[in-house]
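>>> Below are the sequence and a predicted model; questions follow.
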Amino acid sequence: MVSIHEYSNSNELATSVGTFIVEEQNKALKSHGKFNVAISGGSLIKVLREALVNDATVSSQVEWSKWHIYFSDERLVPLEHEDSNYGSFKDAVLEELTRKQVIGPVVYTINESLVQEGKSENEKVAKEYESLLPDEPFDLILLGCGPDGHTCSLFPGEAHKYLLEEKTRQVMWCHDSPKPPSDRITITLPVLSASKAVAFVAEGSGKVSILDEIFNKQNQELPCTIVNSENDGKTRWFVNSDAVKGLGLKTGKYST
Ligand SMILES: O=C1O[C@H](COP(=O)(O)O)[C@@H](O)[C@H](O)[C@H]1O
């Protein structure tokens with residue numbers, strides 16, 4: 001069963017996401033001495049800033065030097081570009097760690113020298129990034145949910161079925177993305193299925209209709225629904241009340 005944790009207040013949601021991340025960190029450190037986590041871009045980054053930097057209780061428990069951070073998807077733009085998921089995370093979190101002179105995590109970025117060079121280079125970015133992934137399953141993958149039901153850069157629809165049907169590759173080049181920028185890389189469903197834990201974060205009234213499709217209509221064409229189905233029992237959703245208003249979902253708070 002997929003758990004849904006609902007909060008009326010965004011700060012409370014962020015604290016809860018942070019508490020959950022610290023729990024997963026501690027399990028991972030106990031079992032293998034490091035924390036392999038994949039993060040997404042978009043609205044999740046703001047929540048990570050609130051949880052891991054601004055929240056004093058959570059931030060004091062984060063063992064950054066033992067974190068290995070990967071991106072569940074990345075846009076094929078230079079790392080300093082405003083659309084770069086790494087760039088957003090750097091601005092929101094990593095720079096703050098540098099400012100506080102905290103020993104930071106190991107962060108795995110795409111090979112910037114290959115971006116915007118052409119199709120074969122885009123394939124190469126995906127293959128190179130795949131070679132960086134940990135040998136063992138991720139300890140945690142943190143996801144967002146687009147208003148069309150996409151997650152990572154796994155998009156719904158015929159044109160992007162090649163991404164959802166992939167059974168072997170761990171990272172793929174996503175071309176002609178319906179949401180700009182057009183070229184991206186994304187982890188695939190087998191990586192999500194292997195992960196020890198998966199958590200989505202979705203906030204705002206703009207998510208109500210897609211959450212209705214995912215949870216009430218169980219629309220199996222949507223990447224988010226597929227992730228829920230394939231990861232039943234180890235998937236959590238952290239949502240605010242605006243995102244689930246009127247949907248009649250069974251929700252509760254996260255507790256350790
Ligand atoms: O393009 C992307 O969108 C999704 C969802 O973003 P959100 O702002 O609606 O939460 C995000 O999870 C993904 O990493 C990103 O590249």
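Perfect, thanks for sending it.
>>> Look at D148 and say how many residues are nearby.
Neighbour count for D148, taken as other CB atoms under 10 Å: 15. Just so you know, the C-beta spots here come from the backbone N, C-alpha and C atoms, and that holds for glycine as well.
>>> what's the spacing between it and H160?
Computed as CB to CB, to the nearest Å, the D148 to H160 distance reads 10 Å.
>>> where do the contact lists of these two overlap?
P178 (CB atoms under 8 Å, 6 or more residues apart in numbering).
>>> Please report the number of neighbouring residues for K196.
16.
>>> residue contacts, it?
Here K196 is in contact with 24, 27-28, 137-140, 234 (CB under 8 Å, 6+ apart).
>>> give me phi/psi at it?
With angles defined as degrees, to the nearest 10, K196 sits at phi -70, psi -30.
>>> cool, and R99?
Dihedral angles (degrees, to the nearest 10) for R99: phi -60, psi -40.
>>> State the distance from it to P223.
Taken as CB to CB, the span from R99 to P223 is 36 Å.
>>> higher neighbour count, the two?
P223 (27 against 8).
>>> give me the number of residues near the single nearest residue of the stretch 51-200 of the chain relative to the ligand?
Relative to the ligand, the nearest point of the stretch 51-200 of the chain is G144 (2.6 Å; CB to the nearest ligand atom). Neighbourhood size, G144 [other CB under 10 Å]: 23.
>>> doesn't L154 make contact with it?
No. Between G144 and L154 there is no contact under CB atoms under 8 Å: 11.5 Å.
>>> Now do the phi/psi pair for Y70.
The phi/psi pair for Y70 (degrees, to the nearest 10) is phi -120, psi 170.
>>> ok, it - how many residues close by?
22.
>>> Spell out which parts of this structure neighbour the ligand.
Within the chain, the positions near the ligand by CB under 6 Å from any ligand atom are 40-44, 73, 85, 143-144, 146, 151, 153, 179.
>>> In ChimeraX, how would I select just the buried ones from those residues?
Those of those that count as buried under 16 or more other CB atoms under 10 Å are selected in ChimeraX with:
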select :40,41,42,43,44,73,85,143,144,146,151,153
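>>> Tabulate the residues of the chain next to the ligand (a markdown table), appending distance to L164 and secondary structure.
Putting the residues of the chain next to the ligand into a markdown table (distance: CB to CB, whole Å; DSSP: H, G, I helix; E, B strand; the rest coil) gives the following:
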| residue | distance to L164 | secondary structure |
| --- | --- | --- |
| S40 | 17 | coil |
| G41 | 19 | coil |
| G42 | 19 | coil |
| S43 | 23 | coil |
| L44 | 21 | helix |
| D73 | 14 | strand |
| N85 | 20 | helix |
| L143 | 15 | strand |
| G144 | 17 | strand |
| G146 | 14 | coil |
| T151 | 11 | strand |
| S153 | 11 | coil |
| K179 | 16 | coil |
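>>> possible to save the residues of the chain next to the ligand as a markdown table with pLDDT and distance to I187?
Shown next, in a markdown table, are those (pLDDT from 0 to 100; distance: CB to CB, whole Å):
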| residue | pLDDT | distance to I187 |
| --- | --- | --- |
| S40 | 98 | 10 |
| G41 | 98 | 13 |
| G42 | 97 | 15 |
| S43 | 97 | 19 |
| L44 | 98 | 15 |
| D73 | 98 | 7 |
| N85 | 98 | 12 |
| L143 | 98 | 10 |
| G144 | 98 | 13 |
| G146 | 98 | 15 |
| T151 | 98 | 10 |
| S153 | 98 | 9 |
| K179 | 97 | 17 |
